[in-house]
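**Q** Let me see the structure of the following:
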Amino acid sequence: MTTTTEKPRYTAVAIALHWLMAVMLVGMVFMGWRMEDMREMALSGDLSFAEVQAYYNWHKTIGISLLVLALARLGWRLTHKVPPLPEGMKPWEVIAARGTHIAFYAVMIAVPVLGWLTASATNFPSYLANNPALELPHLPVPNEAYEPLGSIHGAGGWVIFALLALHVGAALKHHFINRDDVLTRMIPFLKPRV
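**A** You can find the predicted model right below:
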């Protein structure tokens, strides 16, 4: 009788949330940059404010969806065991891996909350995807906080890309240099090495 030992992998839910949120986060950063261009176009008269507001409302809708998904993902992560880090990792690599993951969770929650705070500091409608029945409550934020909160919210995009570069770089290092199975634990079709 032969037995095969399965390499530890993330759960299907963890994998689905990981990839869904990765695509949504990157898309939201580009959407945010496009919004800045659209606002300038509206101020110069090349685009209607209604079109800009509709785009902003989609950004808010997806942002709140990301916040809900991030909280669900954090809840899943806290209640389900993750595969252990590979043996032989240097202490600084373990700290960097854990720190990057913690930073990702912080950013995935903080950036949408900052967006909500920014939206609360304006007089524009804050409803989701042009549906007034789903209006978000305004948080108690003074209008003067709009610019600084918006700047911090926008800087979150650069933090996301910096963390993404670290995360992807480390995953590729594990796969191609260390030749371990870190990458196979999160990519469903990638088979573990024998």
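
**Q** for this protein, which spans come out with low pLDDT?
**A** Where the chain drops to pLDDT under 70, the residues are 1-7, 124-134, 194.

**Q** one more time with 50
**A** Along the chain, the parts satisfying pLDDT under 50 run over 1-4, 133.

**Q** which residue ranges form the helices in it?
**A** Using DSSP state H, the helices of the chain run over 12-43, 49-79, 91-120, 146-173.

**Q** Those helices: which one's closest to L85?
**A** Across the helices of the chain, L85 has its closest neighbour in helix 91-120 (6.1 Å, C-beta to C-beta). To be clear about C-beta, it is placed using only N, CA and C from the backbone, and glycine gets the same treatment.

**Q** Could you list every helix and strand that the closest one packs against?
**A** helix 49-79, helix 146-173 (3 or more C-beta pairs under 8 Å, 6 or more residues apart in numbering; DSSP states H and E).

**Q** Quick one: closest of those helices to G99.
**A** Judged by C-beta to C-beta, the one of the helices and strands packed on helix 91-120 that comes nearest to G99 is helix 146-173, at 9.3 Å.

**Q** buried residues in that closest one?
**A** Going by neighbour count (16 or more other C-beta atoms under 10 Å), the buried part of helix 146-173 is 146, 149-150, 152-154, 156-157, 159-160, 163-164, 166-167, 170.

**Q** What is the nearest of the residues you listed to M89?
**A** Of all those, A170 has the smallest distance to M89: 10.3 Å, by C-beta to C-beta.

**Q** quick one: the closest residue to the closest one other than its chain neighbours from A103, how far?
**A** For A170, ignoring the flanking residues on the chain, the nearest one in space by C-beta to C-beta, 6 or more residues apart in numbering is A97 at 6.7 Å. Counting by C-beta to C-beta, to the nearest Å, the gap from A97 to A103 is 11 Å.

**Q** ok, now D46?
**A** Using C-beta to C-beta, D46 is found at 38 Å from A103.
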